[in-house]
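Enquirer: Predicted coordinates and the sequence they were generated for:
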Amino acid sequence: MAPAFEYAPAPESRAIVDIAPSYGLFIDGEFTEAADGKVFKTVSPSTEEVLSEVAEAGEADVDRAVKAARKAFEKWSALPGSERAKYLFRIARIIQERSRELAVLETLDNGKPIKETRDADLPLVAAHFFYYAGWADKLGHAGFGANPQPLGVAGQVIPWNFPLLMLAWKIAPALATGNTVVLKPAETTPLSALFFADICRQAGLPKGVVNIVTGDGRTGAALIAHPDVNKVAFTGSTAVGKEIARTVAGTRKKLTLELGGKGANIVFDDAPIDQAVEGIVGGIFFNQGQVCCAGSRLLVQESIHDELLDSLKRRLSTLRLGDPLDKNTDIGAINSAEQLARITALADQGEAEGAERWSPACELPSTGYWFAPTLFTNVTQAHTVARDEIFGPVLSVLTFRTPDEAVAKANNTPYGLSAGIWTEKGSRILAVANKLRAGVVWSNTFNKFDPTSPFGGYKESGFGREGGRHGLEAYLDV
Amino acid sequence: MPTTAPAPGLADVTASDSTLRRFLHGLPGVDAVGLEARAASLGTRSIKTTAKAYALDLAISMVDLTTLEGADTPGKVRALGAKAVHPDPTDRTAPTTAAVCVYPDMVAVAKEAVAGSGVKVASVATAFPAGRASLAVKLADVREAVAAGADEVDMVIDRGAFLAGNYMKVYDEIVAVKEACGTSARLKVIFETGELSTYDNIRRASWLGMLAGADFIKTSTGKVAVNATPANTLLMLEAVRDFRAQTGVQVGVKPAGGIRTAKDAIKFLVLVNETAGEDWLDNHWFRFGASSLLNDLLMQRQKLATGRYSGPDYVTVD
Amino acid sequence: MSDARLSVFKTYKLYVGGKFPRSESGRVYEVTDSKGKWLANAPLSSRKDARDAVVAARKAFGAWSGATAYNRGQILYRIAEMLEGRRDQYVAEVADAEGLSKSKASLQVDAAIDRWVWYAGWTDKIAQVVGGGNPVAGPFFNLSSPEPTGVVAVLAPQESSFLGLVSVVAPVIATGNTAVVIASEKSPLPALSLGEVLATSDLPGGVVNVLSGRTAEIAAPLAAHQDVNAIDLAGADEALAKELEIAAADNLKRVLRPQPVDDWSATPGTERLTAFLETKTVWHPTGSLGASGSSY
């Protein structure tokens, strides 16, 4: 039986974005082909449609980009901070102007719902540039000495889960502090970075200050290993992060890493239960769970386990999965076939190890990469789904009896990026937050981000902070 | 059919002042920011074309078309009744509203105006809107409305007693009013959420009202600064959902005051759909207490039918 | 007759978990002064000593990081007090170790004592300097606070056997970390003696653990140790530093690379404090404001 109130499709118009059939590398203010002419295709994960063909940068191209950045560094770093600030303010404003276009583009290339790109990604991108713009002429007040200096050329490698937001997190503080950048977007989501190149053009940013080299892991490796790069910033998997740490060992390159996580969302029996359910859902199903700080482990106090699970399942049954451009879609596509395979394998392993699997009734589109929201109950610390980062819409439910047990289980992971606490008791929030080994603790909320709020991990979730005053440090010679 | 007393399991909750207080204060807390964020997020649902046509008609059918003014006259009430029966004089396919809502002394006039149409007559009572009168006066108010033929009684709770923590007093009063309603009138219990001030209080009041036998729980009188909001209505929808899950008894929800546009009304319907569920998508279980809302719903309905925007001259003034 | 009195030698031992064990290896190595004259035998620490020291440091971390900043400050100040009382001993040891005149060695020891005082004062201020509230664009209270990274392996400077040592150890523990320290390979005696002061300064056992021996041999297992959170490479040469940094990547230790230091007596900044701090940011809704009906 069809539901009484069937929302008719409400697709956001695709016409607002004009994707060219091919894109070059953005080096020294120009789009150029790769030296060896190599290209790769980028597809829309929800339809598998080829969106465009993009140049694949090799070592020679990376070298060209680094040289351009080096050349631009001299003038850029010598500009008065107030002038650099104005460039960044311009960029922030142009992003606001073009935000609907960029939201649609991001949704096409990434597969995430338009609701998220429109209401979360793009507003945060603009806000991030706006925030760091204001720092450019105030660095002497940031607590890093009277006249902190930029490092030089920053090599930045970003992931596919928040392509434009991660670009903003990398480029805004780098430029504000007077560095120039060579940025490599993820192989599966290169387009928004290339559109950003056009925004740099519109803003009149001096050529060579921002360079975009597209490609796969080899391009990223070449960038990080380049001897004339002074700063390496990476967001991505812990395995790659370790490889990068080895690569820069023994050099003077400053390194910041924002890596994986296995965040625990702890729900006590006195939690504001309806809001906790929303927080759990947002914590693991936002962006299809492809979030490093996702609350992928639900730690629920035993006394409310059944009640909470009932509420959670009821709520999951209202999630709408489908066309990411539909404004009513809650769950979009998984970013790539490769990621879908990984999620599928880990979920299958969870089942094989005896955890109980549940998904709401949910029809998956026939083309594209899709994975239904999934819960695992009867999970223990020993299960793979409780230990490995799945990076998908899969929640592992564990129980605890006392606050001490909750803290012990939450911390029992090599990761340390995020955690959530749900209780109406203030002192319990503070006591538990104090003991959690995680860089971001959300209490009675989850997955909140702000340019003023430092973000980053403990332990194998990486080091350094992005956002806020703290985020400047990564790009200053201090 | 009016509902009856709460199901077993919750009976001893109202055994004494202290058990009632313990129960109400044991309800889960409400985080204001999270609640409002959820309501706002549901407000971004995009309801278009066929879904919008369905929603507009459903919303019209849920309106308690209201006039609660000192200046109300039989003429005014008759006009309101006529509008409730035929909301759009140019389009007889428009559904009737759920009810007209008037003061007790206007019930008889209203009854006559809507006779045979299926439109109900609701009457406010219990010293509306302040609720500051003796129980005897309040009950007399109710009996008079019921005797005049009111199908529904919209009572106000004693907010003073509630805020002072005299939950049992509020409970007893609702029980007494419910009894005065007899079997013929359904009881809507108005909390005046704007005066209860906190979401925790709204949740407690919702459960208190349902325990006492309310057929509907209603946000507000429309006479204070803050009336129905998406957040307080969402919270009450959660309460009726949870109450039915626990007792099997279904209770209706009526946001009242401040809902003026079709766009707002559709957002409330989305809240209903995604919180309480489709069992509540019916005017037996969900109402809008409003006066100006109806015209905007009608104009949007005309726009959907004709493709051009309508204007206030093409709907009737009340 | 006093000339004929045979002096009592000190047996230098490791300082681990608040105790003074010999090396698990049962081996020692000869420590000489700058002119090659025998001073003492120092324990030659093994991988197992390193392992035991990490266990002790981890065990101490909870209570030390959980102690109030005021309490930590008082204990660091107490260390200065204890050192002051044994000043002559350290002057002699530093003079021997570094081949300094007594007056130059005195300057080193005085600066080292003053350094404890400097860091004692920092314990309850660093959070105010590097942490604070963040004005997020929404109804949330948002606070960033520094927290200690955990167990820190410290390769003490090779040349400055005492002032250099104190300059790298004090900032690590001031903020609540615990430390496994590898003393200067050539001049370990002042570091081993420091253990005696630490043991009598109310510093809980395990907060600082001092190992002596071959720096490269002890550092390798520490750099690779999965339960060590950070490493200070002050005492490593370029080749060793690179090797250790690579090993440290296995669990993404925070690495403080060696930097040339001309003058350990210069007033330090906060860099060594912040190198081993994590920033934790806690969010909480504030309750909404505005006309939405209810605010709480």
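Expert: Yes, it's here. Numbering: from 1, shown residues only, chains lettered A, B, ... in the order given.
Enquirer: tell me which element residue A:265 is part of?
Expert: Element membership of residue A:265 [criterion: DSSP states H and E] is strand A:264-267.
Enquirer: counting contacts, what elements does that strand pack onto?
Expert: helix A:273-285, strand A:297-301, helix A:403-411, strand A:418-422 (3 or more CB pairs under 8 Å, 6 or more residues apart in numbering or on different chains; DSSP states H and E). C-beta: built from backbone N, CA, C; applies to glycine.
Enquirer: what about residue A:227, neighbour count?
Expert: Residue A:227 has 8 neighbouring residues, counting by other CB atoms under 10 Å in any protein chain shown.
Enquirer: Where does it sit: helix, strand or coil?
Expert: At residue A:227 the chain is in coil, as set by DSSP: H, G, I helix; E, B strand; the rest coil.
Enquirer: Need the pLDDT of it.
Expert: Predicted confidence (pLDDT) for residue A:227: 98.
Enquirer: Name the nearest residue to it, sequence neighbours excluded.
Expert: The spatial neighbour of residue A:227 that comes closest, neighbours along the chain excluded (CB to CB, 6 or more residues apart in numbering or on different chains), is residue A:251 at 8.0 Å.
Enquirer: how many other residues sit next to that neighbour?
Expert: 16.
Enquirer: now swap in residue A:226 and tell me
Expert: The burial count for residue A:226: 20, using other CB under 10 Å.
Enquirer: Quick check: residues of the stretch 151-300 of chain A near chain C?
Expert: Proximity of the stretch 151-300 of chain A to chain C (CB under 8 Å from any CB of the partner chain) is limited to residues A:238, A:241-243, A:245-246, A:249-250, A:252, A:257, A:259.
Enquirer: Within the helices and strands, which one has the closest residue to residue A:249 other than its chain neighbours?
Expert: Nearest residue to residue A:249, sequence neighbours excluded (CB to CB, 6+ apart): residue C:245, at 3.6 Å. Assigned by DSSP H and E, residue C:245 falls within helix C:238-248.
Enquirer: Beyond that helix, next helix or strand please.
Expert: Assigned by DSSP H and E, the successor of helix C:238-248 is strand C:254-256.
Enquirer: Please name every helix or strand in contact with the host helix or strand of residue A:89.
Expert: According to DSSP H and E, residue A:89 maps onto helix A:81-97. On a contact count with 3+ CB pairs under 8 Å, 6+ apart, helix A:81-97 meets helix A:122-135, helix A:163-176, helix A:191-203.
Enquirer: out of the ones you listed, deepest packed?
Expert: helix A:163-176 (a mean of 27; mean count of other CB atoms under 10 Å in any protein chain shown).
Enquirer: hey, where'd the strands end up in the stretch 51-200 of chain C?
Expert: Assigned by DSSP state E, counting those that start in this stretch, the strands in the stretch 51-200 of chain C fall at C:132-133, C:140-148, C:151-155, C:178-182.
Enquirer: returning to what we had before: mind listing what's buried along the helix holding residue A:89?
Expert: A:81, A:84-96 (16 or more other CB atoms under 10 Å in any protein chain shown).
Enquirer: chain center to the strand holding residue A:265, what's the gap?
Expert: For strand A:264-267, the separation from the chain centroid amounts to 21 Å (computed by CA atoms, centre = their mean, to the nearest Å).
Enquirer: Sheet-wise, list the partners of it with their directions.
Expert: If you go by DSSP bridges, strand A:264-267 pairs up with strand A:297-301 (parallel), strand A:418-422 (parallel).
Enquirer: So which of the helices and strands packed on strand A:264-267 is nearest residue B:95?
Expert: Closest approach to residue B:95 among the helices and strands packed on strand A:264-267 is made by helix A:273-285 (32.2 Å; CB to CB).
Enquirer: ok, back up a step: what's the closest of the helices and strands packed on strand A:264-267 to residue B:15?
Expert: helix A:273-285 (25.1 Å).
Enquirer: which secondary structure elements does the closest one contact?
Expert: With contacts defined as 3+ CB pairs under 8 Å, 6+ apart, helix A:273-285 has these neighbours: strand A:264-267, helix A:305-316, strand A:394-400, strand A:418-422, helix B:32-42.
Enquirer: can you state the direction angle for that helix and strand A:297-301?
Expert: Helix A:273-285 runs at 160 degrees relative to strand A:297-301, counting by axes from the mean of the first three to the mean of the last three CA atoms, to 10 degrees.
Enquirer: Flag every buried residue along helix A:273-285.
Expert: A:273-285.
Enquirer: could I get the residues you listed as TSV with pLDDT and distance to residue A:131?
Expert: Listed next are the buried residues of helix A:273-285 as TSV, based on pLDDT from 0 to 100; distance: CB to CB, whole Å:
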residue	pLDDT	distance to residue A:131
A:273	97	35
A:274	98	32
A:275	98	28
A:276	98	30
A:277	98	32
A:278	98	27
A:279	98	25
A:280	98	29
A:281	98	28
A:282	97	23
A:283	98	25
A:284	98	28
A:285	98	28
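Enquirer: Contacts only, for residue C:41.
Expert: Going by CB atoms under 8 Å, 6 or more residues apart in numbering or on different chains, residue C:41 touches C:11-12, C:28-31.
Enquirer: Just give the nearest non-adjacent residue to residue A:31, would you?
Expert: Closest to residue A:31 by CB to CB, 6+ apart is residue A:24, at 3.9 Å.
Enquirer: any idea how far the one you found is from residue A:185?
Expert: 14 Å (CB to CB, to the nearest Å).
Enquirer: Give me the more crowded residue out of these two.
Expert: residue A:185 (30 against 20).
Enquirer: wait, what's in contact with that one?
Expert: A:158, A:160, A:163, A:167, A:192-194, A:212, A:214 are the contacts of residue A:185 under CB under 8 Å, 6+ apart.
Enquirer: just the residues you listed now: which is nearest residue B:35?
Expert: residue A:163 (31.9 Å).
Enquirer: Which residue is the nearest non-sequential neighbour of residue A:49?
Expert: residue A:43 (6.3 Å).
Enquirer: gap between that neighbour and chain B?
Expert: In this view, residue A:43 and chain B are 26 Å apart by CB to the nearest CB, to the nearest Å.
Enquirer: ok, now residue A:441?
Expert: 16 Å.
Enquirer: Chain C contacts on chain B?
Expert: Residues of chain B that fall close to chain C, judged by CB under 8 Å from any CB: B:31-34, B:36, B:193-194, B:196-202, B:225-227, B:229, B:231-232.
Enquirer: So residue A:293 is in contact with residue A:259, correct?
Expert: No: between residue A:293 and residue A:259 there is no contact under CB atoms under 8 Å: 10.7 Å.
Enquirer: Appreciated, that's everything.
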